[in-house]
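Participant: Give the three-dimensional model of this entry:
(one chain, ligands or ions: 1)
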Amino acid sequence: MEVVVSAADLRAAVSASRTARVGFVPTMGALHDGHLSLTARAREESELVCVSIFVNPLQFAPGEDFQRYPRQLERDLGMLAETGVDLVFTPQAAELIPAGASTTVRVDDLTQHLEGASRPGHFDGVTTIVAALLHLVAPWRAYFGEKDFQQLAVVRRMVRDLHFPVEVVGCPIVREPDGLAMSSRNAYLSADERRRALVLSAALAQAAASWTGDAGATRTQLRSTLGAAPGVRLDYAEVVDPETLRPLEGVVDTPAQALVAALVGRTRLIDNIRLERDAVDR
Ligand code: AMP
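Facilitator: Prediction:
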């Protein structure tokens with residue numbers, strides 16, 4: 001496994017591999033089995049697997065957890081070496097964001113509500129850096145988790161609108177045995193908060209199990225369950241069209257996606273689940 005820190009070395013390593021089938025997994029590090037599910041999928045489908053580890057300052061709003069976001073590069077590199085990753089890009093911010101950088105890649109339509117409403121500028125930061133990374137790595141496929149459901153939709157839209165020559169592959173959420181969606185931010189949770197956080201995945205699982213197509217009733221149920229959960233401050237609970245991310249009203253006969261965000265203590269957690277009839281999600 002090769003580890004590179006400069007854009008020039010990254011490009012050189014990719015071209016030295018002489019393959020057009022580069023699979024790319026962008027991450028912010030503090031890796032867990034969710035990330036490794038993406039690298040495993042990339043390994044199956046690609047000749048060269050490249051992972052980036054970059055805590056992207058542009059995607060954190062002022063007052064968010066950029067400073068304290070977990071950074072554990074040595075441990076991450078050990079995990080990646082064991083899972084057959086070929087190339088790891090660990091740039092400093094100045095490498096990816098040149099001094100005086102003044103270009104923003106913005107997807108308008110999908111970014112104004114849900115995470116976008118709660119985290120102003122978040123998706124601009126994501127798309128600006130993901131665009132730069134896709135240019136540098138030039139992968140044939142890039143792998144993103146459905147854990148960040150809205151991010152996946154936004155990246156897909158950017159890639160479509162700007163004709164990036166890459167296929168975006170969405171991968172299912174990896175959960176802890178008790179249902180909690182894996183997240184680097186779970187490390188912030190105290191034992192007590194960790195227990196309380198289970199209400200997110202439990203409420204979503206319940207919504208999926210009882211789904212009859214009534215988007216309004218499911219939204220109300222999610223809001224009342226999460227709104228009443230002790231130690232949990234609900235940000236949003238929505239039932240949306242999985243493609244447009246627009247809220248669904250009334251009874252629908254199409255699949256839907258339920259998305260939630262909540263603060264558990266000081267930790268902001270997100271989770272989501274597919275709502276479809278005759279489907280067992282997990
Ligand atoms: P992050 O390091 O949080 O920016 O995540 C990097 C990638 O891993 C993103 O595409 C995430 O959606 C994905 N990811 C994070 N957690 C999970 C999970 N529990 N299951 C599947 N993918 C995940």
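
Participant: Going by residue numbers, what spans are helices in the stretch 51-200 of the chain?
Facilitator: 73-82, 93-96, 115-118, 122-137, 149-161, 191-209 (DSSP state H, counting those that start in this stretch).

Participant: Work out the gap between the fourth one and the centre of the chain.
Facilitator: Helix 122-137 has its average C-alpha position 13 Å from the chain's average C-alpha position, going by Cα atoms, centre = their mean, to the nearest Å.

Participant: now swap in the third one and tell me
Facilitator: Distance, stretch centre to chain centre, for helix 115-118: 14 Å (Cα atoms, centre = their mean).

Participant: Tell me the buried residues in that helix?
Facilitator: Within helix 115-118, the residues scored as buried using 16 or more other Cβ atoms under 10 Å are 115-116. In this view, the C-beta of every residue, glycine as well, is placed from N, C-alpha and C.

Participant: other SSEs contacting it?
Facilitator: helix 122-137, helix 149-161, strand 232-240 (3 or more Cβ pairs under 8 Å, 6 or more residues apart in numbering; DSSP states H and E).

Participant: is that helix up against the ligand anywhere?
Facilitator: No. Remark: helix 115-118 sits outside contact range of the ligand, by Cβ under 6 Å from any ligand atom, the gap being at least 11.9 Å.

Participant: for the record, mean pLDDT for that helix?
Facilitator: What helix 115-118 shows for mean pLDDT is 97.

Participant: Contacts for that helix, please.
Facilitator: Contacts of helix 115-118 with the rest of the structure, by Cβ atoms under 8 Å, 6 or more residues apart in numbering, involve 110, 122-123, 150-151, 235-236, 261, 270.

Participant: Please apply the same query to the first one.
Facilitator: Counting by Cβ under 8 Å, 6+ apart, the neighbours of helix 73-82 from elsewhere in the structure are 1, 3, 29-31, 36, 39, 51, 53, 88, 90.

Participant: Likewise for the fourth one?
Facilitator: When contacts are defined by Cβ under 8 Å, 6+ apart, helix 122-137 is touched by residues 7, 10-11, 14, 22, 24, 26, 50, 52, 54, 56-61, 89, 96-97, 103-107, 110-111, 115-116, 142, 150-151, 154-155, 158-159, 162, 164, 166.

Participant: so which of the helices and strands packed on helix 115-118 gets nearest the ligand?
Facilitator: When those are compared by Cβ to the nearest ligand atom, helix 149-161 sits nearest the ligand, at 6.4 Å.

Participant: what's that closest one packed up against?
Facilitator: helix 115-118, helix 122-137, strand 141-145, strand 167-171, strand 256-264.

Participant: Same list, these, but as CSV with distance to residue 193 please.
Facilitator: What follows is the helices and strands packed on helix 149-161, written out as CSV (distance: least, Cβ to Cβ, whole Å):
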stretch, distance to residue 193
helix 115-118, 19
helix 122-137, 23
strand 141-145, 22
strand 167-171, 27
strand 256-264, 5
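
Participant: Between those, which one is closest to residue 196.
Facilitator: Between residue 196 and the helices and strands packed on helix 149-161, the tightest spacing by Cβ to Cβ is seen for strand 256-264, at 5.6 Å.

Participant: would you put the C-alpha positions of that closest one in CSV?
Facilitator: Below are the C-alpha coordinates for strand 256-264, written out as CSV (Å, rounded to 0.1, in the frame of the first residue of the first chain):
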residue,chain,number,x,y,z
ALA,A,256,-39.8,6.5,0.2
GLN,A,257,-36.9,7.3,2.4
ALA,A,258,-37.2,8.3,6.1
LEU,A,259,-34.3,10.5,7.3
VAL,A,260,-33.6,11.7,10.8
ALA,A,261,-31.1,14.0,12.5
ALA,A,262,-30.8,14.6,16.2
LEU,A,263,-28.4,15.8,18.9
VAL,A,264,-27.6,13.2,21.5
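
Participant: Give me every residue in the stretch 101-250 of the chain lying close to the ligand.
Facilitator: Counting by Cβ under 6 Å from any ligand atom, the residues of the stretch 101-250 of the chain that sit close to the ligand are 144-145, 147-148, 171, 173-174, 181-184.

Participant: Thanks a lot, see you next time.
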